[in-house]
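[1] Sequence plus the predicted model coming up.
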Amino acid sequence: MWAIRARLELASYLRDLALFNVAIDSQLRGCDLVNDDRVRERVSVIQRKTKRPVQFELADITRDTVIAWVGSPEMIVCRFMLPSRFHDRPHISTRQYGRLVRDWVTSIGLQPGGYSTHWLRQNKAAEIHRKTGYLRAVQPLLGHMKIDRKVRYLGVELEDDPSILGPSTSKP
């Protein structure tokens, strides 16, 4: 993650850096990420797939990057934070977002096969789970109603997480 961020910063790819940082902070699916049109500190987005709200905060570095990007000359007349290069589309497509992630991964010398927009979505959640050991802490971040969805994302066994088992059945 840090290698991609550093590469984008060094190359001065402000739009890509803004997209990358927001993707990490928000953990949104591509379809929910690419069509937002406002810069906010705290955000609530209704997910297309689940129709449920997901709330997240943008880190200071992300807000700074986004503010710099939307204040750039390319963005003077744009309505969306991630405008399409095609005039008939208001914002980049999820397909273009996927291509950007592939390009970012390739730029740091990795094979793009194991990395995707969904990899970005689950990366921060996996890190939070590794640090806290608390599976329920990532549930609101990903917007999943069922714990088994997060288990699949994070590669965690339900028996290994005391927050799932409850106090009477948790391992000593």
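    Arrived safely, thanks for sending.
[2] Return the longest helix in the protein, judged by number of residues.
    Longest helix in the chain by number of residues, with DSSP state H as the criterion: helix 117-132.
[3] Tell me the gap between it and the middle of its chain.
    In this view, helix 117-132 has its centroid 9 Å away from the chain centroid, taken as Cα atoms, centre = their mean, to the nearest Å.
[4] who does that helix touch, helix- and strand-wise?
    helix 14-26, helix 94-107, helix 139-142, helix 147-154 (3 or more Cβ pairs under 8 Å, 6 or more residues apart in numbering; DSSP states H and E). Placement of C-beta: from N, CA and C, glycine included.
[5] rank those by pLDDT, which is bottom?
    Note on the helices and strands packed on helix 117-132: lowest mean pLDDT is at helix 147-154, with a mean of 61.
[6] what is the rounded mean pLDDT of the longest helix of the chain?
    78.
[7] Give me the angle between that helix and helix 14-26.
    50 degrees (axes from the mean of the first three to the mean of the last three Cα atoms, to 10 degrees).
[8] mind listing what's buried in helix 117-132?
    117, 120-126, 128-129 (16 or more other Cβ atoms under 10 Å).
[9] could you check the angle helix 94-107 makes with it?
    Using the same axes, to 10 degrees: helix 117-132 against helix 94-107 is 60 degrees.
[10] CA-only coordinates of helix 117-132, as PDB, when you get a sec.
    Output in PDB follows, covering the C-alpha atoms of helix 117-132 (Å, rounded to 0.1, in the frame of the first residue of the first chain):
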ATOM      1  CA  THR A 117     -10.400  -2.700  -6.500                       C
ATOM      2  CA  HIS A 118     -11.800  -5.200  -4.100                       C
ATOM      3  CA  TRP A 119      -8.300  -5.700  -2.700                       C
ATOM      4  CA  LEU A 120      -8.300  -2.000  -1.900                       C
ATOM      5  CA  ARG A 121     -11.700  -2.300  -0.300                       C
ATOM      6  CA  GLN A 122     -10.700  -5.100   2.100                       C
ATOM      7  CA  ASN A 123      -7.200  -4.100   2.800                       C
ATOM      8  CA  LYS A 124      -7.900  -1.500   5.600                       C
ATOM      9  CA  ALA A 125     -10.500  -3.800   7.100                       C
ATOM     10  CA  ALA A 126      -8.000  -6.600   7.300                       C
ATOM     11  CA  GLU A 127      -5.500  -4.300   8.900                       C
ATOM     12  CA  ILE A 128      -8.000  -3.100  11.500                       C
ATOM     13  CA  HIS A 129      -8.900  -6.800  12.300                       C
ATOM     14  CA  ARG A 130      -5.200  -7.700  12.600                       C
ATOM     15  CA  LYS A 131      -4.600  -4.800  15.000                       C
ATOM     16  CA  THR A 132      -7.700  -5.300  17.100                       C
END
